[in-house]
Structures are given as C-alpha cells and as structure tokens.
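J.: Need coordinates for the following:
(one chain, ligands or ions: 1)
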Amino acid sequence: MIQFSTWEWIRAAGFSSYFLLFLSVCLGIIQNASMISRNVRHVLFQAHQMMGWFAFLLAFFHGFLLYFDDYQPFSIQEIFIPFLSRYQPFFTGLGIVAFYSMFFIFITSDFMKKIGRNIWKTVHYLIFPSFILVSIHGIFIGTDSKETWAQYVYISAVVCFFVLIVYRFFYKATPKSNRSRG
Ligand code: HEM
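T.: Residues are numbered from 1 along each chain as shown. Have a look, this model is predicted:
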C-alpha cells in the first residue's frame, strides 16, 4: 500500500485548497455575468459557496498538519500567528493572513442580513487580495514550485484570475433587477 508522509499531505492539502479557492473565486465572478440565466446562476452560486468552504477546510488541514511534521514541526503559535514561524516567516505569514480573510468572509456571509449587504460586499472583496497573497505564498515556499506542472498551475490560475477581474470591474455589471439574492 502507498504510504504518504505528513509533508506530502501538507502539500496535497495546500494545492487542493488553492485549486478550490481558485474555482470558487472564478464561479463567484462568473455567476454575476449578465448572460447567465437565473437557474444557471443559482447552481453556480451553490458551487461557489461549497468550493469556498472546502477550500477553507483544506487550508485549515494544510496548516494544522504542520504541527505533526517530523522535519520542520510548527508550534500552535507559529501556525496561527502570522509572521512568527521560524520557517519562511514572511511567505508563511501571507498564507495565514489569507486564511483569516477567508474565515472572516465566511462569518460575515452567514450574518449578511444582520450586517447589511454593503458591509458584507466590502468584506467579500477581501478574497481578491487574499487570492494574490495565497498565490505568492504557494509560489515562493512550495516544494513543488520548481516543477513545471506546478508553474503551469500557478500561471494559468493567476492569468485567469486577472482576466476575470478585468471583466468584473471594467465591463458592464449585471443590472440589479436581473440578480438572484445570495
Ligand atoms: C488560504 C490558505 C492557504 C492556501 C490556499 C495555501 C496553499 C499552499 C500551496 C499551494 C502550497 C504549495 C505546496 C507545494 O508546493 O507542494 C503551500 C505551501 C505551504 N504552506 Fe500554505 N496555504 C494556505 C495557508 C497556509 C497556512 C495557514 C499555513 C500555516 C502556517 C501554511 C503553511 C505552508 C507551508 C509551510 C508551505 C510549504 C510546504 C512545502 O514545502 O511545500 N499555508 N500552501
């Protein structure tokens, strides 16, 4: 039977979380497009939310497993307090900051009715800088970053992300009356 080391689980969880976060961000932007029908928008919105949650859970798993690593174990403080770790403090810190932003986004999404749509939306936009932080985090400290396949993953994700951002912010937004509530 194939055995995976803790380090391999950490890396697999990091990559899976990154990929799901990427899909969630893309779906979040696409479901807002004017050419998307109401029914399709609803499905895309559900997928956007679900992938965001799984990305968050996997990011937690990815960070938490560092505590059990034999080669470079992290203390609980190093895992949860940004820029405190002995290993690559700056780039690890960016991952932690992105993780907290995701947490904050989920919490505010659950309380959207109480806090109001404007505050919710402002907090939700934190996902854009967070995605950039997490891309820098993965590219600069990932063991796999020197592999060609990993470089293709990062380059395509970042290019797609910027194309969608340009589309989202510089092209006409969907008229409000055509949007589903979510
Ligand atoms: C939004 C959350 C996060 C995402 C999407 C994410 C994603 C990634 C990715 C894609 C890698 C590269 C893996 C590889 O090359 O094999 C990575 C590496 C790493 N991440 Fe995160 N990360 C996140 C949060 C965190 C947190 C909270 C910590 C904890 C302190 C952390 C610590 C690390 C470390 C130490 C590495 C280096 C692993 C290696 O050598 O490959 N990350 N992360």
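
J.: Going by C-alpha atoms from here, please, whenever you check contacts or count neighbours.
T.: Noted.

J.: How confident was the prediction at the residue of the chain at minimum distance from the ligand?
T.: When scored by CA to the nearest ligand atom, the chain has residue 142 as its residue closest to the ligand, at 3.0 Å. For residue 142, the pLDDT comes out at 95.

J.: got a list of what it touches?
T.: Listed by CA atoms under 8 Å, 6 or more residues apart in numbering, the contact partners of residue 142 are residue 11.

J.: So which bits of the strand or helix carrying residue 161 are buried?
T.: Using DSSP states H and E, residue 161 sits within helix 148-170. Buried residues in helix 148-170, counted by 16 or more other CA atoms under 10 Å: 150, 154, 157, 158, 161, 164, 165, 168.

J.: what's the biggest helix by length in the chain packed up against?
T.: Longest helix in the chain, counting residues (DSSP state H): helix 38-64. Applying 3 or more CA pairs under 8 Å, 6 or more residues apart in numbering; DSSP states H and E, one finds that helix 38-64 contacts helix 6-30, helix 89-110.

J.: Mean pLDDT added to these, as CSV?
T.: As requested, the helices and strands packed on helix 38-64 are exported to CSV (pLDDT from 0 to 100):
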stretch, mean pLDDT
helix 6-30, 96
helix 89-110, 95
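
J.: Now tabulate these in JSON lines and tack on distance to the ligand.
T.: Converted to JSON lines, these look like this (distance: least, CA to the nearest ligand atom, whole Å):
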{"stretch": "helix 6-30", "distance to the ligand": "4"}
{"stretch": "helix 89-110", "distance to the ligand": "4"}
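
J.: which SS state does residue 83 fall under?
T.: coil (DSSP: H, G, I helix; E, B strand; the rest coil).
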